[in-house]
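Chemist: how does the following fold in three dimensions:
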Amino acid sequence: MTKITITKRDALIYLGMLIIVGVSININLAKDDNVRNIIMNFLPGLGFAFMGLSVEHKDIGKKFRITLLVLACLFFGYISLYYLIGFHNHHWGN
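Modeler: Just a heads-up that it's a prediction; the model follows:
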């Protein structure tokens, strides 16, 4: 049976992630980026974090949950840097 548990720590992590998404949208609205595209790019990182932090199932071991959290950090971190500091800045030669 799958059990979803959201602790206070998890809620704070989700809130921080949502703030980063909101700031990213706000920064990139001036550049005419599509809001739907920005949200869709953040969703895999948010999903991996949710699966790693809040979903408990008898077949999901601790190592798999840690792997999901590492993937979430890497993916969400990269996308955050992409939208917050401009890894996609055309002046940098990218």
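
Chemist: quick one: residues contacting L46.
Modeler: Taking CB atoms under 8 Å, 6 or more residues apart in numbering as the definition of contact, the neighbours of L46 are 14, 17, 21, 72, 76. Using the backbone N, CA and C atoms, a C-beta is placed for each residue, glycine as well.

Chemist: tell me the two of the residues you listed that are most distant?
Modeler: Every pair in those was compared (CB to CB); the two farthest apart turn out to be V21 and A72, at 13.4 Å.

Chemist: how many residues are close by A49?
Modeler: Using other CB atoms under 10 Å, the number of residues around A49 comes to 21.

Chemist: again with I38
Modeler: The tally of other residues near I38 (other CB under 10 Å) stands at 19.

Chemist: now it: how far from G61?
Modeler: The spacing between I38 and G61, counted by CB to CB, to the nearest Å, is 33 Å.

Chemist: do the same with Y82
Modeler: Distance check for Y82 against G61: by CB to CB, it reads 31 Å.

Chemist: ok, these two, which is more surrounded?
Modeler: Between Y82 and G61, Y82 has the larger neighbour count (other CB under 10 Å), namely 17 against 10.
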